[in-house]
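In: just a sequence and a predicted model for now, questions to come.
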Amino acid sequence: MNRALGPVWHPKQKNQGVMPPRLHGVDREATWSHSYADGWVYGHGSFCLVPHQLPVVGLFVWMRNSAYEPHWMEQEVQRYTGLIKTVCMDSKADSLPLLQRLRDQWDIQLVTCLRKNFIKSPQRKAMQRQMQTRANRRIYRERGVTVEPMQGLVKDIFELERCWMRGDVNNRWLFAAMGVAMQIAQGQAIRMGRSTWQVKQQVLGL
């Protein structure tokens, strides 16, 4: 999640379409979302795909802060049908229908962690057992040293704790450009035998 440029718009007032008269410079298209790490954030989201075997940005794009991430993931990974066999995501993707669709339609195995309070039905318990196999636990741990740090690296390089611009369209193109810049720099780093993590200077042209 990336905080919006300018002040926040209280969710109750935003839902009613009421803009306080003294509140200026608000990003009217930003949305509210919540995470355990950051709490409630008014802003825009970024969606990132990273392969486990090679630490490079596969995709970095804008998304609505309030969007349903597993839906984005499902749409994006379809493009790689036949190229990937497994996809990992956090507990937001602990959906049995999502697991079944990815397996049945695209032959892709979803690996995630289930929210403990929702492991009650026999189907959910079976899904939990599947996620807890030794192989799936190993794959899921890889996510913590590839995907999550890469998202943080992109945000650090471009100082994206707060968005640069207001509005969905502006941030959509800006985030896409950031993703492409990362891919170019990391591609060059690979060809030169360098680390794909140490690319800040190359991305920014310092």
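Out: Sure, I can see it. Numbering: from 1, shown residues only.

In: what's the average pLDDT for stretch 19-32?
Out: Stretch 19-32 shows a mean pLDDT of 92 in the predicted model.

In: neighbours around Glu142, how many?
Out: 14 (other C-beta atoms under 10 Å). C-beta coordinates here come from the backbone N, C-alpha and C atoms, glycine included.

In: how is it assigned, secondary-structure-wise?
Out: What DSSP: H, G, I helix; E, B strand; the rest coil gives for Glu142 is helix.

In: wait, it touches Leu54, no?
Out: No: counting by C-beta atoms under 8 Å, Glu142 stays clear of Leu54, with 11.6 Å between them.

In: quick one: the strands in the protein, in order.
Out: 2-3, 31-35, 39-49, 59-64, 86-88, 109-111 (DSSP state E).

In: common neighbours of Glu142 and Leu54, please.
Out: Common contact partners of Glu142 and Leu54 (C-beta atoms under 8 Å, 6 or more residues apart in numbering): none.

In: Ile184: which of the strands of the chain is closest?
Out: strand 59-64 (12.2 Å; C-beta to C-beta).

In: gap between that closest one and the chain center?
Out: 7 Å (C-alpha atoms, centre = their mean, to the nearest Å).
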